[in-house]
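In: Just need the structure, nothing else, for what follows:
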Amino acid sequence: MDRQKTEAWLKERNMHLITEDYDAAIAAIIRANLERYHLDIPGTAYFDPELDHLSSYYNIGTDERVYFILTDESGRVIGGAGVAEFPGIDDCAEVQKLYVADGWKGRGYGKMLMKTIEEYARGAGFRRLYLETHSNLDVAMHMYEKYGFHLIGRPETVVHSTMDRFYMKEL
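Out: This is a model prediction of the structure:
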């Protein structure tokens, strides 16, 4: 799916591709979530070097990776999720940094972000989705399982060494 089509597709869903205007807000949401679950430790996204500049990481001019921002009616960032090609598994994309701000949880926004990622990945030609998480994130694991993800063994190409649950879904 090319960027123009992606932007039109997102507009229909009141979502946006990440730009540097959203970097600080989504980094704060991700850090707050990780702190809440005691995952503000090395080996998690908390210490990713690109966390404060996700727009630079995801906006590389290809469809191999993209980050979606979800805003409220006033334009305030309330969540986001990324997808990127996952090395080591053929035709596989990874769900990355799917987080919703605390005041907005329980309203279906995590599900909306997951659905957006799945639709994008299919449109980009991926046949599988991978994600990694931590056993502290019970609600997230429940959502992943509800949406057809199943536990797999730890892939060799895992970057976040603290993560202890690994999931795959056929698209």
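
In: residues near P42, how many?
Out: 9 (other CB atoms under 10 Å). C-beta: built from backbone N, CA, C; applies to glycine.

In: Surely it is in contact with D48?
Out: No: contact criterion CB atoms under 8 Å: P42 and D48 do not qualify, at 10.6 Å.

In: Would you indicate which residues of the longest helix along the chain are buried?
Out: Among the segments of the chain that qualify as a helix by DSSP state H, the longest is helix 20-36. Neighbour-count burial for helix 20-36 flags 22-23, 25-27, 29-31, 33-34 (criterion: 16 or more other CB atoms under 10 Å).

In: Look up how far D23 lies from the residue of the chain most remote from its centre.
Out: Outermost residue of the chain with respect to the C-alpha centroid, by CA atoms, centre = their mean, is S74; its distance is 22.5 Å. Here the criterion is CB to CB, to the nearest Å. By it, S74 lies 18 Å from D23.

In: likewise V83?
Out: Distance, V83 to D23, using CB to CB: 18 Å.

In: now R76
Out: In terms of CB to CB, R76 sits 14 Å off from D23.

In: Any idea what T133 is bridged to?
Out: As for beta bridges, T133 partners with R165 under DSSP bridges.

In: what pLDDT does it get?
Out: With respect to pLDDT, T133 scores 92.

In: Hmm, it is touching H160, no?
Out: No: with contacts counted by CB under 8 Å, T133 stays clear of H160, the gap being 9.3 Å.

In: Which residue of the two possesses the greater neighbour count?
Out: T133 (21 against 18).

In: what residues are up against the more buried one?
Out: The contact partners of T133, taken as CB atoms under 8 Å, 6 or more residues apart in numbering, are 140-141, 144, 163, 165, 167.

In: Much appreciated, bye for now.
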